[in-house]
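**Q** The following comprises the amino acid sequence and a computationally predicted model.
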Amino acid sequence: MDVKKALVARKEDVKACYHALLEKNNKASGKVVLRFTVGEEGAVEEVVTMNGTTLPDETAKCIGDVVKSIKFPKPSGGKATITYPWEFTAE
């Protein structure tokens, strides 16, 4: 299953979540770690913010909402659970 390709395709939407945070704190940097479950049809069923997330909950929720809207390739062998980190550094 090409998860990274599907996530990279929505990179700009994820960046928009981070840029919303930068408008409030222009030095914000850190990471968001999400675990999500892709169902048998490729739809995201659940998104959980993991330990190691250092950015605010609202930023993690925004990225989670982007992930939920992605249609992934159907996983072989049923559902797939993926843990994925995004790291952001203030420019």
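**A** Perfect, I can see it now.
**Q** Next one: the residue in the chain sticking out farthest from the centre relative to Lys24, how far apart?
**A** Taking CA atoms, centre = their mean, the residue of the chain most remote from its mean C-alpha position is Gly77, at 23.0 Å. Gly77 is 42 Å from Lys24, where distance means CB to CB, to the nearest Å. Glycine gets a C-beta too; all of them are placed from N, C-alpha and C.
**Q** Model confidence for Ala60, exactly?
**A** Note on Ala60: pLDDT of 98.
**Q** what about Ala60, helix or strand, and which?
**A** Element membership for Ala60 (DSSP states H and E) is helix 57-69.
**Q** Compute the inter-axis angle for the helix or strand where Glu45 lies and helix 57-69.
**A** Using DSSP H and E, Glu45 falls within strand 44-49. Using axes from the mean of the first three to the mean of the last three CA atoms, to 10 degrees, the inter-axis angle of strand 44-49 relative to helix 57-69 is 160 degrees.
**Q** if we look at strand 44-49, which residues are touching it?
**A** The contact list for strand 44-49 (CB atoms under 8 Å, 6 or more residues apart in numbering) reads 32-39, 57, 60-61, 64, 67-70, 72, 79.
**Q** Going through these, which ones are buried?
**A** Neighbour counting with 16 or more other CB atoms under 10 Å marks Val32, Val33, Leu34, Phe36, Val38, Ala60, Gly64, Val67, Ile70, Phe72 as buried within the contacts of strand 44-49.
**Q** Need the residues you listed in TSV (columns: distance to Lys15).
**A** What follows is those, written out as TSV (distance: CB to CB, whole Å):
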residue	distance to Lys15
Val32	12
Val33	17
Leu34	15
Phe36	18
Val38	22
Ala60	14
Gly64	15
Val67	14
Ile70	15
Phe72	20
